[in-house]
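S.K.: next come a sequence and a model predicted from it.
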Amino acid sequence: MNEPILSEVKGHVAIVTLNRPDVLNALSVELMDKLIAVLEGFDRDANVRVIVLAGSEKAFAAGADIGDMAEASFLDMYERNNLARWTRIKQVRKPIIAAVSGFCLGGGCELAMHCDMIVASESAQFGQPEINIGVMPGAGGTQRLTRAIGKFRAMELILTGRFIPAAEAYEAGLVTKVVAKEQFLAEAIRLAETIASKSPVAARLAKEAVLAVDELGLTPGLDYERKLFYSLFATFDQKEGMKAFLEKRKPRFEGK
Ligand code: CAA
């Protein structure tokens, strides 16, 4: 019951759940270590095509665990360098869908933004409230929130610590879709199953190409996309997908 990360696989979809209900899923060092190990395990698991990352109805996650760092010095934080390991989440190649309800704050919001899509319950609240405790986002919030919603809105949220409800987050471009409170997990799983029914290799390369927009300029980005597109012609799934279209039947993708 004290396991901070729970996981299960349904068909080709892995569901990973943050499980520290007493502290609104605050992201302790132990939780993050286990989360990263589980995500990397599913990234290697050939049966898994899409990952759903969920919290509870009350909280996706209320941020990094403040108790872990309240007394830390600059040197403690610098030597521990706990946030550097988050790069390994960015390196997961399979699509990850965040299923967000309740509080999605600080490191919690940053964790959701490491995912590829965010399905939010209408009760979800997003924010980067680190300013209220004398710090600032440290796991990508200043970069990813600004890319998601633009400088002028991100600046306000980061400098005031204001929480925004799901509807405002959707309107700003931070979330993929907003659904009723009872539906957020089921909807995230439905979306994952839809993606899992496509070619998994095409989905992985498409994710890589979309993420490259943050790293590359337009011309190298277009060049990169084109080469990934051509490379898919080395796969069974391309032959199967196009043949099935011409034969007017459903494709049977195998991820090879
Ligand atoms: N770390 C540790 N414990 C936390 C926590 C956190 N981030 N967030 C909530 N908790 C704990 C509370 O201490 C409380 O524990 P106790 O019952 O033992 O007192 C429990 O969770 C329930 O929280 P509240 O009683 O505060 O619940 P609430 O409904 O009144 O308020 C809240 C909810 C507005 C989310 C409030 O808990 C809050 O403001 N939490 C902190 C949010 C925050 O500042 N996040 C940023 C953290 S720093 C960070 O994330 C850095 C980074 O970029 C990586």
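M.R.: Here it is on my side, so go on. Numbering: from 1, shown residues only.

S.K.: OK, contacts around the nearest residue to A64 once chain neighbours are set aside?
M.R.: Nearest residue to A64, sequence neighbours excluded (C-beta to C-beta, 6 or more residues apart in numbering): G107, at 3.9 Å. Glycine gets a C-beta too; all of them are placed from N, C-alpha and C. G107 makes contact with L27, A61, G63, A64, G138, A139, according to C-beta atoms under 8 Å, 6 or more residues apart in numbering.

S.K.: okay, and which of the residues you listed map to strands?
M.R.: Among these, the ones falling in strands (DSSP state E) are A61.

S.K.: can you read off the backbone torsions of the residue of the stretch 101-250 of the chain found nearest the ligand?
M.R.: Of all residues in the stretch 101-250 of the chain, the one sitting closest to the ligand is G106 (2.5 Å; C-beta to the nearest ligand atom). The phi and psi values for G106, taken as degrees, to the nearest 10, are phi 50, psi -130.

S.K.: can you show me the CA trace of the biggest helix by length in the chain as PDB?
M.R.: Longest helix in the chain, counting residues (DSSP state H): helix 29-44. C-alpha atoms of helix 29-44 as PDB (Å, rounded to 0.1, in the frame of the first residue of the first chain):
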ATOM      1  CA  VAL A  29      13.000  11.400  -4.600                       C
ATOM      2  CA  GLU A  30      11.900   7.800  -4.100                       C
ATOM      3  CA  LEU A  31       8.700   8.300  -6.100                       C
ATOM      4  CA  MET A  32      10.700   9.900  -9.000                       C
ATOM      5  CA  ASP A  33      13.300   7.200  -9.000                       C
ATOM      6  CA  LYS A  34      10.600   4.500  -9.200                       C
ATOM      7  CA  LEU A  35       8.600   6.400 -11.800                       C
ATOM      8  CA  ILE A  36      11.600   6.800 -14.100                       C
ATOM      9  CA  ALA A  37      12.500   3.100 -13.700                       C
ATOM     10  CA  VAL A  38       8.900   2.000 -14.500                       C
ATOM     11  CA  LEU A  39       8.600   4.300 -17.500                       C
ATOM     12  CA  GLU A  40      12.000   3.100 -18.900                       C
ATOM     13  CA  GLY A  41      10.800  -0.500 -18.300                       C
ATOM     14  CA  PHE A  42       7.600   0.100 -20.300                       C
ATOM     15  CA  ASP A  43       9.700   1.800 -23.000                       C
ATOM     16  CA  ARG A  44      11.600  -1.400 -23.400                       C
END
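
S.K.: all helices for the protein, in order.
M.R.: Under DSSP H, the chain gives helices at 29-44, 66-69, 74-80, 87-90, 107-114, 141-149, 151-160, 166-172, 184-196, 200-211, 218-231, 236-246.
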